[in-house]
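Engineer: Give the three-dimensional model of this entry:
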Amino acid sequence: MPSPPSLPAEPSSVTAMPTPSVQIPPLSFALVSTGVYRSGCPMPLNFPFLSKLHLKSIIYLADQDLPTDLQRFVTENDIQVFHFRVQQVRGDNNPTDDNADESLLDNTVPGAINEDGDTVTSRRGSAMSRRGSAAVMLFEEERERKEKKEKEKEKVENDPVSMKLALELLLDNRNFPVLIHSNKGKHRSGVLVACMRKLLQNWAFGSVKLEYYYFAGEKGKADVEFIEKFEPTLKYDERWAPAWLRYSPEEGKLIKVTKDG
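Structural biologist: This next block holds a predicted model:
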C-alpha cells in the first residue's frame, strides 16, 4: 500500500507582525486648506508625523527662538522657516476677575439680646466689625494697586506688518505644504488663519470668529477686533496662486503682480 502523504512540518516559531509606529500630531493640529496646516509648537514626538506631511516651509509666530530640536528637524528635512517675532496680545485678551471676596465684605456680627429683648452689639462684636472694616480697606487698596499695575503694563497688539507678509507667503503655493505654528496654536496662529479665511477665502465674518474661538477659547477680544478691521493690500503672482483662493474683486485688496523666479 502506498504510504499516506506526509503533513508539512509545523514552523518552529511564529513570525511576529511588525507593530505600526505611532504617529502623534502636534498640539492643536488641523488642516486649514489644501497645502496649509496649523498647530502648536511641534515636539520631538511629533516629528515622525510631520515627516509624512513633506513640509516645504514653516511660518513660525513667536518672540522666542525656534527650539533646538525643531531647528535640527527642519535642517535635516530641508524645511524653510519664516520666523515672525510677534508677541501674544496682552490686555483685552485676558479678562480680569472683578469679583470681590465676599468673606471680607461681610462684616455683619450677631448682636446680643438684653433683658428688654433689644439687640445690642457686644464689645467683641464691635472689635470684630472694626477689624473687618480695616480688612476691607486693605483689600480695596490692594485691588486698586493691582489694577494700576495692570494698566501700567505695556499693551501688546497684533503686528499688521508681520501679518501682511505672512499672508503673502500663503498666496504662493511654492511654499506648500506649509505649517503655521505658534506656541500653543491658539491666538497667534488663529489670527493668521482668520485673516486668511476673511481676506483670501471670502468667509463670512461670523464663520471666521467661530473657527477662531474653537481653538482660542473665550479669550481673544483684541484679536477678533484686529481681524475685523485688518484690510491690507496684498500682492501676489497669479502663476503661484493657491487653488483655494477666493476673494471679492470689487474690494481691490489683492493686486496681481509678476515676479521673476
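
Engineer: Can you list the residue ranges for helices in the stretch 151-261 of the chain?
Structural biologist: Secondary structure of the stretch 151-261 of the chain, counting by DSSP state H, counting those that start in this stretch: helices at 160-170, 187-195, 205-216, 221-229.

Engineer: Using JSON lines, lay out these together with distance to Tyr37, mean pLDDT and mean neighbour count.
Structural biologist: The way it works is simple: take the backbone N, C-alpha and C, and place the C-beta from them, glycine included. JSON lines is the format used below for these (distance: least, CB to CB, whole Å; pLDDT from 0 to 100; neighbours: other CB atoms under 10 Å):
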{"stretch": "helix 160-170", "distance to Tyr37": "12", "mean pLDDT": "97", "mean neighbour count": "18"}
{"stretch": "helix 187-195", "distance to Tyr37": "10", "mean pLDDT": "97", "mean neighbour count": "26"}
{"stretch": "helix 205-216", "distance to Tyr37": "13", "mean pLDDT": "96", "mean neighbour count": "16"}
{"stretch": "helix 221-229", "distance to Tyr37": "20", "mean pLDDT": "95", "mean neighbour count": "17"}
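
Engineer: which residues of the stretch 51-200 of the chain score low on pLDDT?
Structural biologist: Screening the stretch 51-200 of the chain residue by residue with the criterion pLDDT under 70, one finds the ranges 91-136, 139, 147-154.

Engineer: Next one: the closest residue to Ser162 other than its chain neighbours relative to Ser189, how far apart?
Structural biologist: Once its chain neighbours are removed from consideration, Ser162 has its nearest residue in Phe84; the separation is 4.1 Å (CB to CB, 6 or more residues apart in numbering). Computed as CB to CB, to the nearest Å, the Phe84 to Ser189 distance reads 11 Å.

Engineer: between those two, what contacts are shared?
Structural biologist: When contacts are counted by CB atoms under 8 Å, 6 or more residues apart in numbering, Phe84 and Ser189 have Leu61 as shared neighbours.

Engineer: before we move on, the earlier item: contacting residues for the residue nearest to Ser162?
Structural biologist: Taking CB under 8 Å, 6+ apart as the contact definition, Phe84 lies against Ile59, Tyr60, Leu61, Asp159, Ser162, Leu165, Ala166.

Engineer: can I get those in TSV with distance to Leu200?
Structural biologist: TSV is the format used below for the contacts of Phe84 (distance: CB to CB, whole Å):
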residue	distance to Leu200
Ile59	14
Tyr60	20
Leu61	17
Asp159	18
Ser162	16
Leu165	14
Ala166	11
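
Engineer: Looking at those, which is nearest Cys41?
Structural biologist: Tyr60 (8.3 Å; CB to CB).

Engineer: Which elements pack onto the helix or strand harbouring the closest one?
Structural biologist: With secondary structure defined by DSSP states H and E, Tyr60 is part of strand 57-61. Of the remaining helices and strands, those touching strand 57-61 by 3 or more CB pairs under 8 Å, 6 or more residues apart in numbering; DSSP states H and E are strand 80-84, helix 160-170, strand 178-181, helix 187-195.

Engineer: swap the cut-off to 6 Å and go again
Structural biologist: Secondary structure elements in contact with strand 57-61, counted by 3 or more CB pairs under 6 Å, 6 or more residues apart in numbering; DSSP states H and E, are strand 80-84, strand 178-181.

Engineer: If you count neighbours, what's buried in the longest one?
Structural biologist: When you say that, I think you mean strand 80-84. Residues Phe82, Phe84 are the ones in strand 80-84 that count as buried (16 or more other CB atoms under 10 Å).

Engineer: okay, the angle between it and helix 187-195?
Structural biologist: Interaxial angle, strand 80-84 versus helix 187-195 (axes from the mean of the first three to the mean of the last three CA atoms, to 10 degrees): 100 degrees.
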